[in-house]
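Chemist: Take this sequence and fold it.
(3 chains)
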Amino acid sequence: MSKVNAKIPEGPISKKWTNHKNNIRLVSPANKRLIDVIVVGTGLAGGSAAATLAELGYNVKAFCFQDSPRRAHSIAAQGGINAAKNYQGDGDSIHRLFYDTVKGGDYRSREANVYRLAEVSSNIIDQCVAQGVPFARDYGGLLDNRSFGGVLVSRTFYAKGQTGQQLLLGAYSAMNRQIARGKIQMFNRHEMMDLVKVDGKARGIITRNLINGKIERHSAHAVVIASGGYGNLFYLSTNAMGSNVSASWKIHKKGAYFANPCFTQIHPTCIPVSGDHQSKLTLMSESLRNDGRIWVPKSKSDSVAIREGKLKPVDLAEDKRDYYLERRYPAFGNLVPRDVASRAAKERCDSGYGVNKTGEAVFLDFASAIIRYGREKAHLKGLNEDNLSLVKDLGKEVIKSKYGNLFQMYEKIVDQNPYETPMMIYPAVHYTMGGVWVDYNLMTTIPGCFAIGEANFSDHGANRLGASALMQGLADGYFVLPYTIGDYLADDIRTGSISTDCKEFEEAENAVKNKIELLINNNGDKSVDYFHKKLGKIIWNKCGMSRNENELKQAIEEIQLLRKDFYKNVSVPGSKDSFNEPLAKAVRVSDFLELGELFAKDALERSESCGGHFREESQTKEGEALRDDKNFTFVSAWENKGEPSESVLHKEDLIYENIELKTRSYK
Amino acid sequence: MKLKLKIWRQKNSNDKGKIVSYDIENISPDMSFLEMMDVLNEQLTSKGIDPVAFDHDCREGICGSCSMFINGEAHGPDRLVTTCQLHMRKFKDGDTIHIEPFRANSFPVIKDLVVDRSSFDRVQHAGGFISINTSGNTQDANAIPIEKNSADKAFDAATCIGCGACVATCKNSSAMLFVSAKVSQFSLLPQGKVEANDRVLNMVKQMDEEGFGNCTNTGACEVECPKGISLENIARMNRDFLKAKISS
Amino acid sequence: MSNVIQASIIKKIAMAVSGLFLIIFLFQHFIINITSVFSESIFNQFSHFMGSNFVVQFIAQPILIFGVIFHFVMGFVLDFQNRSSRKIKYVKYKGSSNASWMSRNMIISGAVVLSFLILHFYDFWIPEMNHKYVEFLPEDPNRYYDELSDKFEDLVKVVLYVISFGFLSLHLLHGFSSAFQSMGINNKYNYLVKTFTIVYAIGIPFGFSFIAIFHYLNH
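Modeler: Below you'll find the model as predicted:
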């Protein structure tokens, strides 16, 4: 075990980034024209990075597996984007955003990175507005804000429930401008199959054209991985069907350390699983917890009656309901952070109080909010506040104006009217804080290979706060990487264009071809989805919302067996030279099968509880997460040595100079 | 539920393609349409038949990947939904369901139900942006107040997911709803007004070059659009285009 | 010019402008014709004016003819283009679920109106041109009413006219409000345009039918 060096600049935290920018090396405009950069992934991080690098003058080659960069899964983010603008005058500041993010992450993130994130956050809003992102505005024409879980100020900028979409379209439009200029060469429907290293440096990638199966070589002076998170390890998640870990995993296997793989965010308000056919889960925005109250019945017999359809939830009397978040966390109530809310829901359902057919759902009830808003409205209009049906109608109007699109989405999926009966929700995998380890410059342990956005591990510690993912993706892509990459590329101004006719490219290409041959010619009898579902079940059941040593050890064994079974029995139909989704999926699942083991191994190693990582062995008497700062104030950075079981742990010590380590309490 | 599926099968862009019938059983009304397709594909795979290729990704109606023409309608019989949000409860036991790709010359079929919509991307390369550098040296976001009404309208136009249902539905394969949403999204905001003339001229020129048909105001696109993009955008673009043409 | 008109939106606006021009002409035509129902002499006066006024004959009439030809030729050209922009057709296409029959079949209603126009020219315009500019017959300011009512002796012709007016109505039901949309007018007053469209598109063809039937019955 060795220590890894994050190369954090010296100086007081508020000066680190400025000083660093002043001191790092630059590449002159004339020389930028001689340098190629590959960007894999075109979500908020990749799209913004590609656009900015091209604008600076680099020749960018951007890759995405979707048919257009605009379809990357950043598009699905609903709630908003944080920025320390303090437009509301409620005491927000860079320091407060920094503090909230570190605390929200349960003190497992790197101070310097988080501070830089908070520092550039307000620039992101300026940038996005300038490029035409239609954020919500008030009647005075100024930008509006909303509040999110775990913080005490309103700093979230939003565009209805489609903030991610609007921001991604902004980044995409910036890309379009550069594509039109010829500075970005766009490769749609291309999947990165491997990284190519020449003389120890990242010098290119091997891709597969998803339309015709062609294996292609692409060279560059640096490679940026912006391929998102690995939530689909769980099979069921709120990620898109195509979201995968492969790009990150390939660079991990070529030498990039993988950090904190077990740090996963389970989002408390998702639409529950309805049956075995389920292919993915749908998130209901965190903003709903502003007005919705979460409950289950107090008695198990009522829960059973509701499950069997004998009792309607609206008919259950108030005193027979258990508003368990309000009961357990009176100070924050229904707005506790995501990890806390998720665990509490699981605890109730595991104890037998779940309310849907599968027993894995709790209610999110808007009835009292409807009445409250209705009364206000009636009062405002001078109508009879005691007329219940009138008050309800008025209240529903208010709720509709706030959450209309979410309620409609719920109704389409579940076929129940959430205005009349409480929503059913259950936690689901949503985001992965873990990812490729990067230093302060966002460079991985492979020289010339960078990782940005959700793909890296850097800013969210063990739990991410709402509306911070968009902030981080854009900060990395617009404002951090374009500077820091220059520090590395300054050495490459005389290198000239990189040839793909060398043995490193050939070897990498052959390895990819062999893997594809292996999968396509494997005469198994089980589909790729069979293995993916099985892997997801192991991870969800044994490495999910709460983890223990015993089950983690079992999980490792089971995943090892499943991986063997996969290579023996998987069947991939079709040919390798055509559009073949099962083949693309087989490659992705084969990587998940390796990541899954490292994931469990990392969870096993970290025997403390922190943020989204809850170890049953490490909890308080009341069942709250118990951190072990003495032994675990570090980032786990795993080095690949072949099999995941042989991976070696390196530690990056987390040093808190500006924030005091405290126990998170939301009581 | 038991269903008969009549699906367009086409090996690749050079293949002629034909409708093939499949019977499928044990479909739950709670399934989404794409989950039903997953079940079919599992069955086909187990019989050694090439599964049906279709585009899909987010499965929550926002990425705009999914694109099926179901029983003669883009994204099927339900309104304001994409194919992935369509649920089987909209169908009856014993129904026959026709599934075809989104069709237009500008959307050539890649395989089965997968089409190439890069024509949409090219229209946006032609002008779907505001020429502002991403240097971070922009003015403060609140420096220009924007009237709420304009901001809301720009947002409504910007919710277009670029799925292509408008083109697929239009009897003329016109892309006017898509292009007008993309033009309006910027032209409604003060930031976008500076280069509004060039933008609309260039994007419409590219649209015409891509071979989409002409708009005859049938309004089908607005009805089938999963995001409810309004025809007002088309009127606005016509207006803007004429203005730009006269003044340029 | 050919460069300008290549843009699809310009073609669309040209269709709208020529259509609206024809709509205005139609209204004028209707006003004159309806006088025949209640006053032979007023009708004759109007018709004489229209038939002998220099501006009407040598400026307005050529513009009108150009407008008619442009609208039809452009309509057919656009329809051909539109049809060929989807070479492989859908096996199942449910157009009725999202658009009105009128809007989807302008080419059919337009073609019927065109054939009607040929008949109409044969009935009125060609004899008129022949009268004035080929045989140079002397002008009789009172000939118009009889020429009109004589044409509606034949029941078959009246039926043909009425059917054509039906299709004209269908054409207008979409065409009128659509022209506004094409010219970029779609705002909060849109409902007025839509209401007026219905009144006009049903009222005018109905009125023409009435005139034809009236003369048939009163002959």
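Chemist: Run a quick neighbour tally on residue 7.
Modeler: You didn't say which chain, so I picked chain A. Residues near residue A:7, counting by other C-beta atoms under 10 Å in any protein chain shown, number 12. Quick note: C-beta positions are derived from backbone N, CA and C, even for glycine.
Chemist: think we crossed wires, I meant chain C
Modeler: 18.
Chemist: distance of whichever residue of chain B sits closest to chain A from residue A:150?
Modeler: Taking C-beta to the nearest C-beta, chain A has its nearest neighbour within chain B at residue B:145, 3.0 Å off. Remark: distance between residue B:145 and residue A:150 (C-beta to C-beta, to the nearest Å) = 31 Å.
Chemist: Same question for residue B:84.
Modeler: With distances taken as C-beta to C-beta, residue B:84 is found 31 Å from residue A:150.
Chemist: Look at those two and report which has more neighbours.
Modeler: residue B:84 (28 against 24).
Chemist: show me the contacts for the more buried one.
Modeler: The contact partners of residue B:84, by C-beta atoms under 8 Å, 6 or more residues apart in numbering or on different chains, come to B:32, B:33, B:34, B:56, B:58, B:59, B:60, B:61, B:66.
Chemist: got the domain boundaries for chain B?
Modeler: Listed domain ranges for chain B are B:3-111, B:118-132+B:143-247 (source: automatic domain parsing).
Chemist: Would you mind finding the most buried of those domains?
Modeler: Greatest average neighbour count among the domains of chain B goes to domain B:118-132+B:143-247 (a mean of 22), per mean count of other C-beta atoms under 10 Å in any protein chain shown.
Chemist: now that domain, how far from the chain's geometric center?
Modeler: 13 Å (C-alpha atoms, centre = their mean, to the nearest Å).
Chemist: likewise stretch A:315-328?
Modeler: Counting by C-alpha atoms, centre = their mean, stretch A:315-328 comes out at 32 Å from the chain centroid.
Chemist: By mean pLDDT, point me to the weakest helix or strand of the chain.
Modeler: Just going to use chain A. Every helix and strand of chain A was ranked by mean pLDDT, DSSP states H and E. The lowest is helix A:388-414, at a mean of 90.
Chemist: hmm, I had chain C in mind actually
Modeler: That would be, for chain C by mean pLDDT, DSSP H and E, helix C:2-5 at a mean of 58.
Chemist: what's the following helix or strand after it?
Modeler: Toward the C-terminus, helix C:2-5 is succeeded by helix C:8-38 as the next helix or strand (DSSP states H and E).
Chemist: coming back round to it: would TSV of the domains of chain B with mean pLDDT and distance to residue A:299 be doable?
Modeler: TSV is the format used below for those (pLDDT from 0 to 100; distance: least, C-beta to C-beta, whole Å):
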stretch	mean pLDDT	distance to residue A:299
domain B:3-111	96	28
domain B:118-132+B:143-247	96	43
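Chemist: so which of those domains gets nearest residue A:197?
Modeler: Nearest to residue A:197 among the domains of chain B is domain B:3-111 (30.4 Å), distances taken as C-beta to C-beta.
Chemist: Show the end-to-end separation of the closest one, please.
Modeler: Length of domain B:3-111, first residue to last, C-alpha to C-alpha, to the nearest Å: 23 Å.
Chemist: so how far is that domain off the chain centroid?
Modeler: Distance, stretch centre to chain centre, for domain B:3-111: 15 Å (C-alpha atoms, centre = their mean).
Chemist: now swap in stretch C:36-49 and tell me
Modeler: Remark: stretch C:36-49 is offset 21 Å from the chain centroid, using C-alpha atoms, centre = their mean.
Chemist: next one: stretch A:624-644
Modeler: For stretch A:624-644, the distance to the chain centre is 19 Å (C-alpha atoms, centre = their mean).
Chemist: end to end, how far does it reach?
Modeler: Length of stretch A:624-644, first residue to last, C-alpha to C-alpha: 31 Å.
Chemist: do stretch A:336-355 as well
Modeler: First-to-last residue span, stretch A:336-355, C-alpha to C-alpha: 21 Å.
Chemist: List the buried residues for that stretch?
Modeler: Of all the residues in stretch A:336-355, those buried under the rule 16 or more other C-beta atoms under 10 Å in any protein chain shown are A:336-346, A:348-349, A:353-355.
Chemist: what angle do the longest helix seen in chain B and helix C:8-38 make?
Modeler: When chain B is parsed with DSSP state H, its longest helix is helix B:232-247. Angle of helix B:232-247 versus helix C:8-38, following axes from the mean of the first three to the mean of the last three C-alpha atoms, to 10 degrees, is 100 degrees.
Chemist: any idea whether the most far-flung residue of chain C relative to its centre is helix, strand or coil?
Modeler: What lies farthest from the middle of chain C is residue C:91; by C-alpha atoms, centre = their mean that is 34.9 Å. On the three-state scheme (DSSP: H, G, I helix; E, B strand; the rest coil), residue C:91 is labelled coil.
Chemist: Distance of it relative to chain A?
Modeler: Plainly put, residue C:91 is 22 Å away from chain A if you go by C-beta to the nearest C-beta, to the nearest Å.
Chemist: contacting residues around the closest residue to that residue other than its chain neighbours?
Modeler: Among residues not flanking residue C:91 along the chain, residue B:19 sits closest, at 5.7 Å (C-beta to C-beta, 6 or more residues apart in numbering or on different chains). Residue B:19 makes contacts with B:6, B:7, B:8, B:9, B:98, B:100, C:91, as judged by C-beta under 8 Å, 6+ apart.
Chemist: Is the helix or strand hosting the fifth one in proximity to chain A?
Modeler: Residue B:98 is part of strand B:96-101, with elements assigned from DSSP H and E. No - judged by C-beta under 8 Å from any C-beta of the partner chain, strand B:96-101 stays clear of chain A, getting no closer than 12.5 Å.
Chemist: Any idea how far stretch A:273-280 is from the middle of the chain?
Modeler: Worked out by C-alpha atoms, centre = their mean, stretch A:273-280 lies 21 Å from the chain centre.
Chemist: With stretch A:24-32 instead?
Modeler: 33 Å.
Chemist: contacts for it?
Modeler: Here stretch A:24-32 makes contact (C-beta under 8 Å, 6+ apart) with A:35, A:56, A:57, A:58, A:441, A:483, A:484, A:486, A:487, A:489, A:490, A:493.
Chemist: Would you mark the buried spots in it?
Modeler: Going by 16+ other C-beta under 10 Å, stretch A:24-32 has these buried residues: A:24, A:27, A:31, A:32.
Chemist: Look at the second one and tell me its secondary structure.
Modeler: Pointing back at residue A:27 there. Applying three-state DSSP: residue A:27 is coil.
Chemist: Quick one, grab the pLDDT at it.
Modeler: Confidence at residue A:27, expressed as pLDDT, is 96.
Chemist: same check, this time on the last one
Modeler: Per-residue confidence (pLDDT) for residue A:32: 96.
Chemist: how much space is there between it and chain C?
Modeler: Applying C-beta to the nearest C-beta to residue A:32 and chain C gives a distance of 38 Å.
Chemist: Need phi/psi at that residue.
Modeler: Dihedral pair for residue A:32: phi -60, psi -30, per degrees, to the nearest 10.
Chemist: what about it, distance to residue A:491?
Modeler: 14 Å.
Chemist: Could I have the buried ones of the contacts of stretch A:24-32 as ChimeraX selection syntax?
Modeler: To isolate the buried members of the contacts of stretch A:24-32 in ChimeraX, using 16+ other C-beta under 10 Å:
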select /A:35,56,57,58,441,483,484,486,487,489
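Chemist: The contacts of stretch A:24-32 in helices, which ones?
Modeler: A:56, A:483, A:484, A:486, A:487, A:489.
Chemist: Alright, calling it a day.
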